[in-house]
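>>> My questions concern the predicted model and sequence given below.
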Amino acid sequence: MVKPLEGVLVVALEQAVAAPYCSGRLADAGARVIKIERAEGDFARHYDGVVHGESAYFVWLNKGKESLVLDIKKPDDAALLHRILIKADVFIQNLAPGAAKRAGFGATDLRAKNPKLVTCDISGYGLDGPSSQMKAYDLLVQAETGLCSLTGTPEAEGRVGVSVCDIAAGMNAYQAILEALLKRGVTGKGSGLEVSLFDGMADWMAVPLLHFDYGGAAPKRLGMRHPSIAPYGAFETQDGVKIVISIQNEREWKSFCENILEKPDWVDQGPYRTGVLRVENRQSLDAAVQAAFSTSQSDSLCEKLLNAKIAFGRVNSVAGLSNHPALRRVTIESPTGPFDLPAPPAKWQDEHPQYGAVPGIGAQSDKIRKEFAENG
């Protein structure tokens, strides 16, 4: 398979999650990604050791890259990095705001030396402004953007259980870099891009923000329920399985009443006949749905929901995901042995992409130093 970014050279002065997510997607698409690491390696290498002694975060985000160990404070190593960047197509960095520029790798200066270069600076709150110097770990940004205020139960805020702010920033950076490469194909010139964790999550928070700005109130925390739709939430079956349902239109409500609740008169009579009324009378409606679900075994109920064309999903555990029939996996090599990952989300029909191995710390250092030697 010919990958779309073959021949594109990416240099990533990166750590943790957001920038590695972006450069990892570029590597999946065929780009050559040179990952710059300190002697001790990206600190995400040491988050845990659950995958044959390696970090789950690191092996997920860094397959297919080359690892080059540099100390950019040393003149020789800095000069080597500059030589690589003269030939690069993309430069990504997520050091602390200002750190790359102080080290001589500011985006504007790099593009002056290599006008075709696409630079992408990833930060927590932007490169300048009143919040720019704040630490920006994922949970902190979840809290600052108001996401935690919408997540959890009515009694307490909660954290989204995966690093959504980091991942969103990585996705946004990947998208912007692809757009910049397309633009370069027309203009011949690179672009300077900035992506922040805060901006990415603020974008995802657009709907609750619009409710507050124009409706006067933000949505309340409802756990598994929805502020604008009912019935929508998790209900427990006779055998203790929780099943989430979502009734979003009158056609679905009619089918749900007739086939699941066995209350056909509720379709156009009584307190639940419209979507607005169902939300207003959520408490009694949820109780009626729970009563119906509690008399059924989960497998038979799921079959009835499927046949009735009702949107539903089991409240799975991670163990349930691991055994889910829809889960696609790919096998990746690493220094300590092969492991399986969820397959990248975009599926190429009739093509079967191959993915590179996870690099050891500095595994390609000697090769890259020879390739980009001063007199090479």
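In hand now; what should we look at?
>>> and the gap between the spatially closest residue to Arg328 that is not a sequence neighbour and Ser123?
Setting aside the residues directly before and after it, Arg328 is nearest to Ala343 in space (C-beta to C-beta, 6 or more residues apart in numbering), at 3.9 Å. (Glycine included, C-beta is placed from N, CA and C.) Distance check for Ala343 against Ser123: by C-beta to C-beta, to the nearest Å, it reads 30 Å.
>>> more crowded one of these two?
Residue environment comparison for Ala343 versus Ser123 gives the larger neighbour count to Ser123, 25 against 13, counting by other C-beta atoms under 10 Å.
>>> mind listing what the more buried one touches?
Applying C-beta atoms under 8 Å, 6 or more residues apart in numbering to Ser123 gives the contacts 94, 97, 132, 136, 194-197.
>>> Going through those, which ones are buried?
In those, burial by neighbour count holds for 94, 97, 132, 136, 194-197, counting by 16 or more other C-beta atoms under 10 Å.
>>> how close does the residue nearest to Arg328 sit to Ala27?
With distances defined as C-beta to C-beta, the gap from Ala343 to Ala27 amounts to 15 Å.
>>> Mind listing the strands the strand or helix carrying Leu341 pairs with, and their directions?
Of the helices and strands defined by DSSP states H and E, Leu341 is found in strand 339-342. Here the strand partners of strand 339-342, with direction, are listed using DSSP bridges: strand 329-332 (antiparallel).
>>> Residues contacting the partner strand, please?
59, 63, 338-344, 355, 357-358.
>>> Where do the strands of the stretch 201-350 of the chain begin and end?
Secondary structure of the stretch 201-350 of the chain, counting by DSSP state E, counting those that start in this stretch: strands at 232-236, 242-246, 311-314, 329-332, 339-342.
>>> Turn those strands into TSV, columns for distance to Glu351, mean pLDDT and mean neighbour count.
As requested, the strands of the stretch 201-350 of the chain are exported to TSV (distance: least, C-beta to C-beta, whole Å; pLDDT from 0 to 100; neighbours: other C-beta atoms under 10 Å):
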stretch	distance to Glu351	mean pLDDT	mean neighbour count
strand 232-236	38	94	19
strand 242-246	34	94	17
strand 311-314	30	94	14
strand 329-332	13	94	14
strand 339-342	18	94	15
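>>> Redo the ones you listed as a markdown table? Include distance to Glu303.
Rendered in a markdown table, the data for these read as follows (distance: least, C-beta to C-beta, whole Å):
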| stretch | distance to Glu303 |
| --- | --- |
| strand 232-236 | 16 |
| strand 242-246 | 12 |
| strand 311-314 | 11 |
| strand 329-332 | 27 |
| strand 339-342 | 27 |
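>>> Let me know which of those is the nearest to Lys116.
strand 329-332 (31.5 Å; C-beta to C-beta).
>>> what about that closest one, distance to the chain center?
Mean C-alpha position of strand 329-332 versus that of the full chain (C-alpha atoms, centre = their mean, to the nearest Å) differs by 19 Å.
>>> Let's see that strand as PDB, backbone CA atoms only.
As requested, C-alpha coordinates have been extracted for strand 329-332 and formatted as PDB (Å, rounded to 0.1, in the frame of the first residue of the first chain):
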ATOM      1  CA  ARG A 329      -6.800  -4.700  16.500                       C
ATOM      2  CA  VAL A 330      -3.400  -4.500  14.900                       C
ATOM      3  CA  THR A 331      -0.200  -6.100  16.200                       C
ATOM      4  CA  ILE A 332       2.700  -3.800  16.800                       C
END
